[in-house]
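Engineer: Quick one, what's the 3D model for this:
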Amino acid sequence: MRFVFLRCLACVVFTVLHFSPALAQTDPTKASFDKALNNPGNWYLSWGYSRQQYAPSDIHVSQPDLGNDFTLHKVKAKDFPSSLPGTFKSIVDLDFTSPQENIRFGRYLTPERDFAIEFSLDHTKYNTNFGQSVRISGTKANAPVSGNVTLTPTNFTYNLHNGLNHVMINGVWFRDLYGPKNQPGHLQFLSRVGAGILLPHADNVIDGNQNAVGPKQVNVCCTAKNDWWQLNGWTAGVELGFRYTVYKSVYLELTTKAAYGALHGVPVYQGTANQKIWMSEQVLSTGFNF
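Structural biologist: Down below sits the predicted model:
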């Protein structure tokens, strides 16, 4: 019985080794995939700037040592873009990280270049608006609190200012609309779907107490309480837009994006904050295939 089993096993191994290369060579899906990976010019990289808008959201603050466990409801916030002269100055000075910048780095996975997988970074900014009146509920100093409060720089400054960074992996689909393919004048419609992590830097003041996370150059990332950037949640989003080839492999891209982010454990003075954010974004970027 053992001899028969060994003979059968040997036959199976021989069949796999002998016929697998031939099967692999005739598999059209694998052949197409291999062609896409081996062809030059199947990588792309883009850099751009953006604007963001945020839906009102609830911010829950927990500071156990202070007896605080409260929620500010429907807080309004905005982005913090660089001025137009400031943007041009940052480009001239090669300081590309001052405005709200966006990076896309991807690889086409089909010979037709109609599908790609990419890494994206949206360096967005989030700042609560001063002067707004919001409802507060919960406890402060171990006493119940309910009513309205007007946000000021002293009683509640809540900024994710050095980046509410959306770090994502996307699937990208391209559809040809006009012009010679991969040549100047080529217009494409594109769609992105992706998910990833939120890596913000929190800068806030609550009741006169400022959160301090230490120098940016010392504690950089990502899980310690005094790190500059911290892993504080996850994000998912959809992006639609157009790509236009302007010269050889150089293109312009204009897109709009909707993203949802769930923030947990954002550092505040002697505590943390939780928040769920809906964001819309417009991105103008330039890139090239290589």
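Engineer: in the stretch 1-150 of the chain, which spans are helices?
Structural biologist: Listed in chain order, the helices found in the stretch 1-150 of the chain under DSSP state H, counting those that start in this stretch are 2-26, 28-38, 84-92.
Engineer: weakest of those in terms of mean pLDDT?
Structural biologist: For those, the bottom mean pLDDT is recorded on helix 2-26, which sits at a mean of 42.
Engineer: what's the burial count for residue 282?
Structural biologist: Using other C-beta atoms under 10 Å, residue 282 has 15 other residues around it. Backbone N, C-alpha and C define where each C-beta goes, glycine included.
Engineer: list the contacts for it?
Structural biologist: 50, 51, 254, 255, 256, 257 (C-beta atoms under 8 Å, 6 or more residues apart in numbering).
Engineer: And the buried ones among these, selectable in PyMOL?
Structural biologist: Listed next is the PyMOL selection for buried residues among those, using 16 or more other C-beta atoms under 10 Å:
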select buried, resi 50+255+257
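Engineer: Looking at the contacts of residue 282, which one is closest to residue 201?
Structural biologist: Of all the contacts of residue 282, residue 50 has the smallest distance to residue 201: 17.4 Å, by C-beta to C-beta.
Engineer: mind showing which ranges of the protein have poor pLDDT?
Structural biologist: Scanning the chain for pLDDT under 70 picks out the ranges 1-40, 83-84, 86-98, 214, 217.
Engineer: In the record's domain split, what are the boundaries for it?
Structural biologist: Domain ranges of the chain: 1-38, 42-289, per automatic domain parsing.
Engineer: So which of the ones you listed has the densest surroundings on average?
Structural biologist: Stretch with highest mean neighbour count among the domains of the chain: domain 42-289 (a mean of 17; mean count of other C-beta atoms under 10 Å).
Engineer: First-to-last residue distance for that domain?
Structural biologist: Start-to-end span of domain 42-289 (C-alpha to C-alpha, to the nearest Å) is 7 Å.
Engineer: Next: stretch 205-222.
Structural biologist: End-to-end distance for stretch 205-222, by C-alpha to C-alpha: 21 Å.
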